[in-house]
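Asker: Sharing a model that was predicted from the sequence below.
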Amino acid sequence: MPALASPGAVVVVLLLTGLAFLPLIGISNYVEHIVIISCIWAIVAASWDLSLGYGGIFNFAHIAFFGLGVYVYAVGTKALGAPTLAALPLAGVVASLVAVLITLPVLRLKGIYVILATFALSQLILQLVLSQNQITGGAQGMVLLPALNLFGVRLASYGKVGFFYFALLLVFAATIALRWVALSDFGRSIVALKENEDYAVARGVSIGRQRLIVLVASAAPAGVTGAFYAAYLRVASPEVFGFDTLSIVLIILLLGGAASITGPVIASFLVTSSTEALSNLGPARFMVIAVVIVVILRFYPGGLDALIEKLWSKKPAPMEVMRWIQRRP
Amino acid sequence: MLPLVLDDLVAGYGAAPVLNGLTLEIGARERVGLFGPNGHGKTTLLRAISGLIAPSRGSIRLFDKPISGMSPAAIVAEGLIHVPQSNLLFPEMEVLETLRLAAHSARARQTTAASLEGVLTLFPRLAERRSQKIKTLSGGERQMVAIGVGLMGAPRLLALDEPTLGLSPKLKDELCVAIGDIAKSGLPLLLVEQDVEFLLELTDRLVMVTHGRCGVELDARQGIDHATIMALYFGEGHAA
Amino acid sequence: MTLETVASVLASALVLGSLYALMAAGLSLVWTTLGIFTFTHGVFMTIAAYVAWQVSDNAGLGLGEAAGFAVAISALAGLGCIAERLLIHPFLGRENIVMIAVITTLAALTFLENAILLIWGPRLKQLKPLATGTVGFAGATMSAHQAIIVVVAPLVLVGLWIVLKRSRTGAAIRAVGQNREAALLIGLPVGRLYMTAFAASAILAAVAGILLGAMRPMTPTMGAEPLVKALIVAIFGGLGSIAGTIGGAYVIGLVEAVSTYWVGLYWTPAVLFAVMVAVLLWRPNGLFGGN
């Protein structure tokens, strides 16, 4: 088992520990809100990094896992009366099931077609949500969702502090879990598949099974986080499937760098606090994000673009593959 | 006014240049053959003069006009036409359609009809294949289209990169005759080939390209024996 | 099942198929020429509909339909050129251009959707139909506007085919798509041809947007759903040939019409996805082969 520690991991631990002390010195609700939202996007981006950065799978339905989580909480607790705490793992399960569904086209398709098929799937899920008016509230979404109840304690009774610590806990757990998966033997095998598919397959790596597992492992945290997001805001809106959400997560990934897990977590705090600072711009805020995305790609080709380079071109990294192959019995 | 003057040309891909200060002149009506080991800059030289890659140093003058840094389209319009190695052209397009399209610059368009007639006379087989898609042609026929495409651009200087690569000896002879006909017209020619015999037959002067520079020059009109060539490639020790 | 039912399902399939064919042909044109996929296609439709509304409607400039369409189509041609310059051109030659273009065009989609929201607001608008009244079709009826869509879309696509096949620019665009370097070496202005292809694709989106804007209420996100259908068509027919894409569009139109009639509107997205997956299992390169 390789060490989970890395410069990025150290920064994340310091960051989260530092943040945990903030409520003790008394910070505003607004700052707490930004931290909570940052944690949420951090998990969504970092879990996407697992399948995209490590697995090399261009799954553009990742946002839909998050959106499904939101609606599992909303529909599960409000319409079906499920216990609010149970809705969180349930959301992870539902997202995982959809990940299984996605594996099929992902295995059959190559290049741009993977992006098209997964993107189409996420938008079809959105259309399904919009059309099931009587259950999901259609375009209006759902409001006044039941409050999150932790074994008899209403989390909301403590203002935002309860959610604040819950969010820190979630992001901490997710970072460890995702890094653990990424750095395990399994993680090495999916990197090997990404970088030299033919060779890895020839060495007995099952492409179907590994891609399935990595998609599920990346979907589950996103689903749980979606449910938490709904529990926190107590509304569910179809916008969570939209391009605005996608643009936020994309910019976090572009800034944070791929195949690190910790990079997107750190970037999420930067991006979220900047975009929240722009929130009085309304829709123009997303226009700013969009421009920044293109500017990053255009003018920092050496730094940030290098990550896409790494993702898109399947240049074999013989050292990495060899190291993994040698570890096998 | 020389057709082509290259002075101290440096060009390549990424950090390491392939051309290291190459200097070469082509005289009026002159046919120059380039030979030498692979990877020493023959193809890079053609890519640099046709504008596909930008030289990092040195000058390229076409009939006294500096063309270094110009776009490939502008260089084609000036009359320098480069027919690349193993040109796959446009697989889904028909032969005649491709030839017509290749007369693109304003200068070339004026002579479309005459150029087309010239190409079809030079390669009668293309007339038979005129409405066939390029992907259905044989390697030799495709090479004929590639040279035809070069001629349609109304060249004032034609650069051919290994026009007979991978062809059978019979086809090679056929193309040799055709290129000889082109050469007889007085069009300045820059011909890259591995086969020195082929160059001896078609050109006035042979220049060896090694390490990104022009090396030994040979006068094609004085016969050159096999041993000399071997010595050039492998050093004096192998001459015997 | 009566003949009328069949006729009305077919009518609806033709309307949908025609719209999707217009959309998907533009995506395929860009793919075969530039080798990239553009997500701006749906929002281009939306902008065209809004510009047409702004110019033609009495709540806007009130200049009438013809002016509205003309302005919308020219505006989109211009927007297509600008988009190509900003989103594609700077990245040409990079190895990962396909992925970069996905991200830049998605960013542009976000930008433009929010710009529409800022300029025109969230309130629903609608274009006037091109014609009023209904047209009979083997016992079923469709609105005159829908009948116009069924006729206009194939005409536009035949026009596109003639331009690509017979005109010099069309031949040049095909040549650039098949071999960029060979195109450079015969002196074709590759950059300008890329821009032209992108603008032509934007014009196709504009025509689809104007036709759709009179059929459904217009919203800033109205382009998202047709874009997704066009994606399915692209996967279905393969992006490699425009003809295959157009064929795929009519097949998807038929599937959607049949599914809407028998399964219902709500579950049609699920049916479409199932059909897409089934086709992929059967023919990974799309229904009409190719790559």
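Answerer: Perfect, I can see it now. Residues are numbered from 1 along each chain as shown, chains lettered A, B, ... in the order given.
Asker: how many other residues sit next to the nearest residue to C:Leu239 once chain neighbours are set aside?
Answerer: In space, not counting the residues next to it along the chain, C:Leu239 is nearest to C:Trp31; the distance is 4.1 Å by CB to CB, 6 or more residues apart in numbering or on different chains. Yep, even glycine has a C-beta here, placed from its N, CA and C like the rest. Counted with other CB atoms under 10 Å in any protein chain shown, the neighbours of C:Trp31 add up to 24.
Asker: residues touching C:Trp31, list them.
Answerer: Contacts here follow CB atoms under 8 Å, 6 or more residues apart in numbering or on different chains; on that basis C:Trp31 touches C:37, C:234, C:239-240.
Asker: any idea which of those is closest to chain B?
Answerer: Within these, the smallest distance to chain B is 10.2 Å, found for C:Gly240 (CB to the nearest CB).
Asker: How many residues are close by the closest one?
Answerer: C:Gly240, neighbours per other CB under 10 Å, totals 17.
Asker: shouldn't it be in contact with C:Thr32?
Answerer: Yes. Under the criterion of CB atoms under 8 Å, C:Gly240 makes contact with C:Thr32 at 6.6 Å.
Asker: Which stretches in the stretch 101-250 of chain C count as helices?
Answerer: For the stretch 101-250 of chain C, the helices defined by DSSP state H, counting those that start in this stretch occupy C:144-166, C:168-178, C:180-185, C:190-213, C:224-237, C:242-262.
Asker: Can you say which of those helices is packed in most?
Answerer: For these, average neighbour numbers computed from mean count of other CB atoms under 10 Å in any protein chain shown are highest in helix C:224-237, which has a mean of 26.
Asker: and B:Val10, that's in a strand?
Answerer: Yes. Judged by DSSP: H, G, I helix; E, B strand; the rest coil, B:Val10 forms part of a strand.
Asker: So it versus B:Leu34, what's the distance?
Answerer: Here B:Val10 is placed at a distance of 18 Å from B:Leu34 (CB to CB, to the nearest Å).
Asker: who's more crowded, these two?
Answerer: Set B:Val10 next to B:Leu34 and count neighbours by other CB under 10 Å: B:Leu34 wins out with 24 against 16.
Asker: helix/strand/coil for that one?
Answerer: Using three-state DSSP as the criterion, the local structure at B:Leu34 reads strand.
Asker: looking at it, it is touching B:Arg213, isn't it?
Answerer: No. Applying CB under 8 Å as the test, B:Leu34 and B:Arg213 come out as separate, 11.9 Å apart.
Asker: show me the contacts for the residue nearest to B:Asn20 when sequence neighbours are not counted.
Answerer: Nearest residue to B:Asn20, sequence neighbours excluded (CB to CB, 6+ apart): B:Gly212, at 3.6 Å. B:Gly212 is in contact with B:12, B:17-22, B:40-41, B:44, counting by CB under 8 Å, 6+ apart.
Asker: Quick check on B:Gly212: phi, psi?
Answerer: Per-residue torsions, B:Gly212: phi 80, psi 20 (degrees, to the nearest 10).
Asker: cool, B:Glu193 as well?
Answerer: phi -150, psi 150.
Asker: Just to check, C:Thr268 is in contact with C:Val258?
Answerer: No. Applying CB under 8 Å as the test, C:Thr268 and C:Val258 come out as separate, 9.5 Å apart.
Asker: Grab the most central residue of the chain for me.
Answerer: You didn't say which chain, so I picked chain A. Nearest to the mean C-alpha position of chain A, by CA atoms, centre = their mean, lies A:Val44 at 1.8 Å.
Asker: not quite, I wanted chain B
Answerer: B:Leu160 (1.7 Å).
Asker: Good, wrapping up.
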